[in-house]
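Enquirer: build the 3D model from these lines:
(chains A and B)
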2 protein chains.
Amino acid sequence: MEAELKEMLTDLDTLKRSLPDNPSLHSSIDKMQLRVEHLTNLAKSAPGRRLKVKDMSAEVVDSNPYSRLMALQRMGIVENYERIREFSVAIVGIGGVGSVAAEMLTRCGIGRLLLYDYDKVELANMNRLFFRPEQVGMTKTDAAVQTLSDINPDVVLESYTLNITTLQGFETFMSSLKNKTFCPSKQGIGVDLVLSCVDNYEARMVVNQACNELNQAWMESGVSEDAVSGHIQLLIPGETACFACAPPLVVASGVDERTLKREGVCAASLPTTMGVVAGLLVQNTLKYLLKFGYVSPYLGYNALKDYFPTMEMKPNPQCSNAACLERQNEYILAKPARDAAAKAKKEEASEPECPIHDDNEWNISVLDDSEVLTTDVKSSDALPEGLVRELPSADEFQKASAHQDTTNSMDDLEDLRKQLDALNAD
Amino acid sequence: MEAELKEMLTDLDTLKRSLPDNPSLHSSIDKMQLRVEHLTNLAKSAPGRRLKVKDMSAEVVDSNPYSRLMALQRMGIVENYERIREFSVAIVGIGGVGSVAAEMLTRCGIGRLLLYDYDKVELANMNRLFFRPEQVGMTKTDAAVQTLSDINPDVVLESYTLNITTLQGFETFMSSLKNKTFCPSKQGIGVDLVLSCVDNYEARMVVNQACNELNQAWMESGVSEDAVSGHIQLLIPGETACFACAPPLVVASGVDERTLKREGVCAASLPTTMGVVAGLLVQNTLKYLLKFGYVSPYLGYNALKDYFPTMEMKPNPQCSNAACLERQNEYILAKPARDAAAKAKKEEASEPECPIHDDNEWNISVLDDSEVLTTDVKSSDALPEGLVRELPSADEFQKASAHQDTTNSMDDLEDLRKQLDALNAD
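Expert: Model (predicted):
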């Protein structure tokens, strides 16, 4: 549009010079030239893209898009936040979960995103976050690149409009994952993590196959057809169960969404459930890449009950996937080396860093019906002056003292045991 | 821009008529007119807004923005989804949580949203979802209305650029909440729920005061300054603790973000944590308004451990808030009427509808380390043909059978009791 307006100015100039010497005609041309200049300014101000930044600054000014992320370092949550710019993440499926995951990673300043989808944006997608009505008809990958590059021009975006379940699609998928030009010195293949945000069994099995073959860690995500539950899962070839090791929690129906739609039936979806699942997925991704907190091997979300099941799954020695069996063997063979490394690391660390009850090996959460008033703050948890914690940490919840007046309290473990006895006696 | 281009066409027309009879001059004007028409088309095609729709249709076509939401009815999750168009929700604070909550409700097709904020969009906000770099400098309320009206023109949006903690701001806040013109026949005040998405103690106390005075249910939300935990809480005046009943989980520091920023310190924030909290908040809102699932009185989120504490808080008879004490008295006085209504409802229902162990009054979750294979599906849980559940319900998790080969299993309650005994013996 700016180019057209510039040509328009030239046209008016030419016209003015070829006009007879008539002041009223000339002033009318002058007026039009001013109007075109005004339109040029309007057109220029519309997009207002921000410029790329060379380094992530921790400076606290309104114009710094990374100040609130770099603050994670000062708060002691992440050791080196800026490392995020070295990472490449592949997102397969840019739908209700994948598009939001892509936006979150983009806003976090991830180095490079590879986006895979073959579908187009439809009005029927408007009940989930991210896509806008004016993008209807665009491919999801193109629409995503349009939005994401506006949000953060620092992120390298690669868009693959293809179906990974076709032979040709799978080949392009594999070669794009193996491309190491973004960070040639890094170990492994060309990406640091693959996120599966697809909506069907077949595509999940393809991601599983690719990651088993490439020995690449990935995370799986899903939302149920009734829109009120979802899950995320970390899969490390050889170390955890792969997607083929254990049948998924439901048997795949083998009926894809397009067939359903043709019959006048579609799955339900909610921006809330999709947003929560995307948030948990990218949170797990950040914890995995930037090495902080506990990376969940599996986390479910039951929205009707606000229930969040967790579990761990070991690989199945009878897995039907040949590449998985190869990775399992490699993992077993590498055990002595792993043990030695772990022992060396343990000896290196002079102070024991595990607080009592920090690890809870049975995955039992005692959800205490009591309000928690914390008085002592561990020194490692200290915050800068002027900042206070809004929630106690999970550790503090476990050593909570009951506050009788205003809460339904449950006194102690003795009580809990009696209640469990009663439950058992039913 | 379109208006300016139209005037430009008129100008060219006038000029043409006043020109001497010279074919070359006339053709140059014709050329310019074509160019302006082209620019007009360009300007028009940019927004591409969708038209309003009169009724929410369940028809499964790509052009229906509500098909995936109306599917919640067919799936038996929500009895009458379209009721959402009758509801008004006020969102106080259009920041990292409030803006995403507003987007989710807009995409869900909420009837009316009232948005309150006094702040402007800054580049430093770009690490959270929703706002875009080209909106920097706009007020958050204006920028939100711009984006939300494009996403869903069916939602009635009211924008209040004000600070509710000032005397004048509080008056406007109160009168806007009481305005019943949107749905005059409804009981209560003019809104169905207030969502507090503010980032400081003072503003929370103001929302608390307003809702206690108006006897209005509200939900509070918050994210910690280190960005890795958050919570949502439902507050019903007289029935649950109000924000003044129990000191919040942290004592307010009394230092607001602007002071911190001046000193070169800012709170950390992450789009993931904010997205999860917004998702849990709006999910609870949908469950509360559309009457499905369990509405959580309090739900915490500890991102480092993927731990989700829950609790309930009763009102404090010694609360310092006078309006809260009035609501508490009213609630106590209404107990006989409530009991009678509950009894009548119970007698009306011919079949008992509580499955065994559905309610877990101690809020203990036994997170079973096992994979669940469900074989029997309750008839009330039946899905349409071609659809299968991806996750078992929480009930099914509780009666889960262990699957030995591929999982770390924990056998039964007997085992759990032994482990608790051991824990107690420490």
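Enquirer: contacting residues for the residue lying closest to A:Leu69 once chain neighbours are set aside?
Expert: Among residues not flanking A:Leu69 along the chain, B:Asn127 sits closest, at 5.0 Å (C-beta to C-beta, 6 or more residues apart in numbering or on different chains). Heads up, the C-betas are built off the backbone N, CA and C, glycines and all. Shown in contact with B:Asn127 (C-beta atoms under 8 Å, 6 or more residues apart in numbering or on different chains): A:65-66, A:68-69, A:107-109, B:269-271.
Enquirer: can you tell me the SS state at B:Asn127?
Expert: Under DSSP: H, G, I helix; E, B strand; the rest coil, the three-state class of B:Asn127 is coil.
Enquirer: so which of the contacts of B:Asn127 comes closest to B:Met56?
Expert: The closest of the contacts of B:Asn127 to B:Met56 turns out to be B:Pro271 (C-beta to C-beta; 29.8 Å).
Enquirer: any idea how far A:Asn284 is from that closest one?
Expert: Distance from B:Pro271 to A:Asn284, counting by C-beta to C-beta, to the nearest Å: 14 Å.
Enquirer: between the two, which is the more surrounded one?
Expert: Comparing B:Pro271 with A:Asn284 by neighbour count (other C-beta atoms under 10 Å in any protein chain shown), the higher total belongs to B:Pro271, at 30 against 26.
Enquirer: my guess is the more buried one contacts A:Gly109, does it?
Expert: No. Between B:Pro271 and A:Gly109 there is no contact under C-beta atoms under 8 Å: 10.6 Å.
Enquirer: could you report the distance from A:Ile151 to chain B?
Expert: A:Ile151 sits at a distance of 6 Å from chain B (criterion: C-beta to the nearest C-beta, to the nearest Å).
Enquirer: with pLDDT and distance to A:Gln216 as extra columns, can I get the contacts of B:Asn127 in CSV?
Expert: As requested, the contacts of B:Asn127 are exported to CSV (pLDDT from 0 to 100; distance: C-beta to C-beta, whole Å):
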residue, pLDDT, distance to A:Gln216
A:Pro65, 90, 30
A:Tyr66, 92, 28
A:Arg68, 93, 31
A:Leu69, 94, 26
A:Arg107, 97, 25
A:Cys108, 97, 21
A:Gly109, 96, 22
B:Ser269, 94, 30
B:Leu270, 96, 25
B:Pro271, 97, 25
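Enquirer: just the residues you listed now: which is nearest A:Glu79?
Expert: Distances from A:Glu79 to the contacts of B:Asn127, taken by C-beta to C-beta, are shortest for A:Leu69, at 13.6 Å.
Enquirer: does the closest one really touch B:Cys266, like I thought?
Expert: No. A:Leu69 lies out of contact with B:Cys266 (C-beta under 8 Å); the separation is 10.5 Å.
Enquirer: now do A:Asn22: how many residues are near it, please.
Expert: Counted with other C-beta under 10 Å, residues neighbouring A:Asn22 total 12.
Enquirer: go on, A:Ala341?
Expert: Applying other C-beta under 10 Å, we find 11 other residues in the vicinity of A:Ala341.
Enquirer: over to A:Lys345?
Expert: For A:Lys345, the neighbour count with other C-beta under 10 Å is 9.
Enquirer: what helix or strand is it located in?
Expert: helix A:335-348 (DSSP states H and E).
Enquirer: that helix packs against which elements?
Expert: Contact partners of helix A:335-348 among helices and strands, from 3 or more C-beta pairs under 8 Å, 6 or more residues apart in numbering or on different chains; DSSP states H and E: none.
Enquirer: flag every buried residue along that helix.
Expert: In terms of neighbour count (16 or more other C-beta atoms under 10 Å in any protein chain shown), helix A:335-348 has no buried residues at all.
Enquirer: so what's the backbone phi/psi at the residue lying closest to A:Ser24 once chain neighbours are set aside?
Expert: In space, A:Ser24 comes closest to B:Ser18 once its chain neighbours are excluded; the distance is 7.2 Å by C-beta to C-beta, 6+ apart. Main-chain torsions, B:Ser18, degrees, to the nearest 10: phi -90, psi 0.
Enquirer: ok, B:Ser18 to A:Ile29 distance?
Expert: To A:Ile29, B:Ser18 is 11 Å away according to C-beta to C-beta.
Enquirer: higher neighbour count, the two?
Expert: A:Ile29 (17 against 11).
Enquirer: that one: helix or strand, and which one exactly?
Expert: According to DSSP H and E, A:Ile29 maps onto helix A:23-45.
Enquirer: what's next to that helix, contact-wise?
Expert: A:1-2, A:5-6, A:8-9, A:12-13, A:15-16, A:19, B:1, B:4-5, B:7-8, B:11-12, B:14-15, B:18-19, B:39.
Enquirer: helices of chain A, start to end?
Expert: Secondary structure of chain A (DSSP state H): helices located at A:2-18, A:23-45, A:67-74, A:98-107, A:140-151, A:167-178, A:201-214, A:257-262, A:271-290, A:322-333, A:335-348, A:394-398, A:413-425.
Enquirer: quick one: closest of these to B:Leu114.
Expert: B:Leu114 lies closest, by C-beta to C-beta, to one member of these: helix A:271-290, at 19.4 Å.
Enquirer: show me what contacts the residue nearest to A:Ser24?
Expert: Contacts of B:Ser18 by C-beta under 8 Å, 6+ apart are A:24-25, A:28.
Enquirer: burial count for the residue of the stretch 101-250 of chain A found nearest chain B?
Expert: Using C-beta to the nearest C-beta, the single residue of the stretch 101-250 of chain A nearest to chain B is A:Glu134, 3.4 Å away. Look at A:Glu134: counted by other C-beta under 10 Å, it has 17 neighbours.
Enquirer: try A:Leu304
Expert: 16.
Enquirer: please name the nearest non-neighbouring residue to the most centrally placed residue in chain A.
Expert: For chain A, the residue nearest the mean C-alpha position is A:Val282 (2.8 Å; C-alpha atoms, centre = their mean). Once flanking residues are discounted, A:Val282 sits nearest to A:Met104: 4.3 Å by C-beta to C-beta, 6+ apart.
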